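Q: I need the structure of the sequence given here:
(chains A, B and C)
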Amino acid sequence: MPLALSGDSSRRRPVPLTLLLILLTAAVSVASLGSGASGLTLADFADGLWGQGLDQRSGVILWDIRLPRLAMGLAVGAALAVSGALLQGLFRNPLADPGIVGVGAGSSLGAVLAIVLGGLLPPGLAVWAGVHLVPFAAFLGGLSVTLLLYAVATRAGQTSVATMLLAGIALGAIAAGVTGILIYLADDRQLRDVTFWSMGSLAGASWERIGGALPLILPALLLAPFLARGLNALALGEAQALHLGVRVQLLKRAAVFASAAATGAAVAIAGGIGFVGIVVPHLIRLVGGPDHRALLPQSALLGGSLLVLADMVARGVVAPAELPIGIVTACIGAPVFLWILLGRRGLMGL
Amino acid sequence: MLEASGIDVVVARRPVLSGVGFSARPGDVTAIIGPNGSGKTTLLRALTGELAYRGSVRLNGMDVAATPPRRLAAIRAVLAQSTQVAFPFTAGEIVRLGLEAGSGPADDGLVLRLLAEVDLAGAAARPYHQLSGGEQARVQLARILAQARTPVTPHGPGWLFLDEPVASLDIAHQLMVMRIARGFADAGGGVVMVLHDLNLTAMVADRVLLLKSGAILAKGGVDEVLTNALLAEAFGCPIRVGTPPLRGPWVLPQSAGATLP
Amino acid sequence: MIARSYASLQIALIGALALAAALVPAFAEGEERVVTLGGSVTEIVVALGAGDRIVARDTTSNFPESILALPDVGYIRALSPEGVLSVDPGLIVAEGDAGPPEAVEVLRAAGIPFHLMPEATTPEGLDAKVRAVAKVLGLGAEGERLVAEIDAGLAAARARADALPAKQRVLFVLSLQGGRVMAGGEGTEAEGIIAISGGVNAGTGFQGYKPMTDEAIIAAAPDVILMMDREGDLAVLDQDLFAQPAIALTPAGTNRRVIRMDGMLLLGFGPRTPQAAHDLYQAIYGAGG
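A: Residues are numbered from 1 along each chain as shown, chains lettered A, B, ... in the order given. Sure, this is the predicted structure:
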């Protein structure tokens, strides 16, 4: 398809890179299913499945632990990476990340509210909400802050992304303040819970959680191809995008809310996981170029693979305990990010 | 046909344009000239639907304010004074953006041909940010030409709206752009261009719109508008039209005559 | 005839013994591998004499020292289900706040009994917790013995406390981060152990472990500062403690009286609580005081 248009020596054609990433995702998924603290391997599972059936313990490990963790890792990784790419395109800035529209601060606030004040709910409601209270509150918090930001930044039907950015900083500070008050009120156990939540984990993976989050993550992934062309044009500026035939306001609204929903749901079920949203689109842009038609699906694939890989590290390094996955993504993501910035400044147009 | 009437634009409670009305025909190059701050760029932005205005603008019979962006993009392309590109696209990818926005089949070969036409043959794979200012301006021009690639479209004549297209170009490339604009108009398309350079205006325009302080001072053919009196009134300084000065060099592009070769 | 019935009796007896010998290991083996979660639960299991059945523990379990050699399955409220399964447990005994709930569910779904113990911040609660752990392990008799031992120790502590002509005011300081004094308020384990040891908690007017303002510290006028024994970076040196302006103005500051004790011993409500009460009493009032 593209002749010598998008090829300089440091870029690959889109199709081979996508294929490569699909293969990577498949390989990482298989490796993830075959590794874990219990020492069971794929061979063991195969023996069981095709032999006399798995015993109860092995069955639980395969179907209720490893498989849901894999699904959750792929979904959350893809959600965070695609959201990051959408928002970087929207704000025309490779430094944007999903937190920029307030989702991060809002989700944290929602989760901390639920953790610290959850005991104040009438017992019946608390039981009904049960294990879903914190994820639900986190998602609501993220979405509320995003809505508020959007409302503040939109006048006469036009959304100013610059206003959104600044208002996001202000709202983030407010959310942090309220969170601080809640932390002050918290007891020891709640404090530990807040800390662990903010570092993220796939340990709570269950089909129920994934089922609840997937309808919120899918719109971002499915809408992405339709937003790609508009985001490409938007790189030239809003006025230029308009003249190129893009319905800019609609694009903004779709990008903001799709990424807020996807990130909110991802953070709600997995806690605070950083760096995936900002680093993955960067890496793809470096290798595959900035065309969003390839960037968005490739980010999804790489994001999912990286998170599954990070989970394997989190599960393996201090077995039988496990590290919060946010620590792994930060410890690996931050140095990689710095290395990218230092090495490739010219190409980024930064 | 481009028909504008009663255009009022207010920015931050200051009137920037008042009661501007004119029309432009396909086949003509219409130049908008005037001093800094006279509202030239604002007028162009109103004509292309980029900002809010009172009044009416009709392009090929369609009300610009009420037409969806996609339909407008099929019949007209707009070149801004400067364009910032946020991500490391190549020159070819940027021209391709114009190609996809226009109507008709998207042919990659056209991208290469247009780049050659703006004297950037072989630059398709080069990163845009590594090009010089003049080269970048020409890439944007190629993008516009890719979008409005046929002077006559299924929905009426195609239009080019250019805001100071030669600002960062050297003489040779300035001529090249004028030649392209002239060619587009001669083939049946419409060209509306904001220009600073009065000599280029004289060289290429069929109709001239002279603005001052947000209102039309004069409109008409080149000889009617480019007169000592009108220009002096518009620009507020003594201007002589037509006769070379008595002393000092006077640099003109090679074709100093009334028509281009 | 008697010889024949005698012989069959012998055979039956041998057969029964063989059967019992075969069954007992099979029964004990499943229950042999116990995972304990929560420092006080671990201590109770060891105090009941079942310490050799523990195969893994959590991060908060640090007594007795032999426990530290066992695999650590992580923080009790952030368990990794596969990690716990990897130590092949037959039974899990945990403090009431084990989590996350999904991990508990998964472990139960894998067929492992997961028992959550009731919480304890009072002597009665402690007895109930010990009995609950004993019941789960099938060691009812040992449980009663331990409860009696604990009750005796606490009764002795109560007697000592009642015999005091005047009680000293004790302020528990959790940390001194950035000049702020984090103190133990009402409803904390610190308050509990101070009371049992014959002291009066100087941290009043607030709940939980909170930063205390300078004026409140001076008004509280503690006679003694109580802290956890910490090493390395977390250690608070006397010079730093008494350099804190508000503390310097208290009787504790004037007399430079500070007591440091092991954290789990002091605040974990478990079998060592009577010992903690005794040690703290000695530290406050002196031997034979």
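Q: going forward, measure contacts and count neighbours with C-alpha atoms only.
A: Noted.
Q: what ranges do the helices span in the stretch 101-250 of chain A?
A: For the stretch 101-250 of chain A, applying DSSP state H, counting those that start in this stretch gives helices covering A:103-117, A:123-129, A:133-153, A:161-185, A:188-199, A:207-234, A:238-243, A:248-270.
Q: Make CSV from those helices and add distance to residue C:136 and mean neighbour count to it.
A: Listed next are those as CSV, based on distance: least, CA to CA, whole Å; neighbours: other CA atoms under 10 Å in any protein chain shown:
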stretch, distance to residue C:136, mean neighbour count
helix A:103-117, 30, 26
helix A:123-129, 26, 12
helix A:133-153, 31, 23
helix A:161-185, 36, 17
helix A:188-199, 25, 18
helix A:207-234, 31, 20
helix A:238-243, 68, 22
helix A:248-270, 34, 25
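Q: out of these, nearest to residue B:49?
A: Residue B:49 lies closest to helix A:238-243 among the helices of the stretch 101-250 of chain A, at 8.5 Å (CA to CA).
Q: same for the closest one, what does it pack against?
A: helix A:207-234, helix A:248-270, helix B:69-75, strand B:76-79 (3 or more CA pairs under 8 Å, 6 or more residues apart in numbering or on different chains; DSSP states H and E).
Q: right, and the ones you listed - which one's nearest residue C:201?
A: Evaluated over these, closeness to residue C:201 peaks at helix A:248-270, with 40.7 Å, by CA to CA.
Q: which one is residue C:49 nearest to, not counting chain neighbours?
A: residue C:142 (7.9 Å; CA to CA, 6 or more residues apart in numbering or on different chains).
Q: Comparing the helices of the stretch 101-250 of chain A, which yields the minimum mean pLDDT?
A: By mean pLDDT, the lowest-scoring of the helices of the stretch 101-250 of chain A turns out to be helix A:123-129, with a mean of 66.
Q: Columns distance to chain C on top of the helices and strands packed on helix A:238-243, output as a markdown table?
A: Listed next are the helices and strands packed on helix A:238-243 as a markdown table, based on distance: least, CA to the nearest CA, whole Å:
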| stretch | distance to chain C |
| --- | --- |
| helix A:207-234 | 10 |
| helix A:248-270 | 12 |
| helix B:69-75 | 50 |
| strand B:76-79 | 58 |
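Q: May I see the ones you listed arranged in a markdown table, with distance to residue B:124 as well?
A: As requested, these are arranged in a markdown table below (distance: least, CA to CA, whole Å):
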| stretch | distance to residue B:124 |
| --- | --- |
| helix A:207-234 | 17 |
| helix A:248-270 | 27 |
| helix B:69-75 | 23 |
| strand B:76-79 | 19 |
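Q: List just the one of those that sits closest to residue C:44.
A: Closest approach to residue C:44 among these (CA to CA): helix A:248-270, 34.5 Å.
Q: For that closest one, enumerate the helices and strands it packs against.
A: Using 3+ CA pairs under 8 Å, 6+ apart, the elements in contact with helix A:248-270 are helix A:67-90, helix A:103-117, helix A:133-153, strand A:158-159, helix A:207-234, helix A:238-243.
Q: what's the helix or strand that comes right after that helix in contact with?
A: Following helix A:248-270 in sequence order, the next helix or strand is helix A:276-288 (DSSP states H and E). Contact partners of helix A:276-288, identified using CA atoms under 8 Å, 6 or more residues apart in numbering or on different chains, comprise A:10-14, A:17, A:77, A:80-85, A:94-98, A:290, A:294-296, A:298-299, A:302-303, A:307, A:329, A:333, A:337.
Q: before we move on, what about stretch C:61-80?
A: With CA under 8 Å, 6+ apart, stretch C:61-80 has contacts from A:193, A:196, A:203, A:319-322, C:37-40, C:42-43, C:55-60, C:83-84, C:97-100, C:103, C:264.
Q: Now do the end-to-end distance for it.
A: Separation of the first and last residues of stretch C:61-80 by CA to CA, to the nearest Å is 17 Å.
Q: Please name the residues that touch residue 201.
A: Answering for chain A, as no chain was given. With contact taken as CA under 8 Å, 6+ apart, residue A:201 is in contact with A:270, A:271, A:324, A:325, A:326.
Q: actually it's chain B I care about, not the one you picked
A: B:31, B:195, B:208.
Q: I am finished for the moment; much appreciated.
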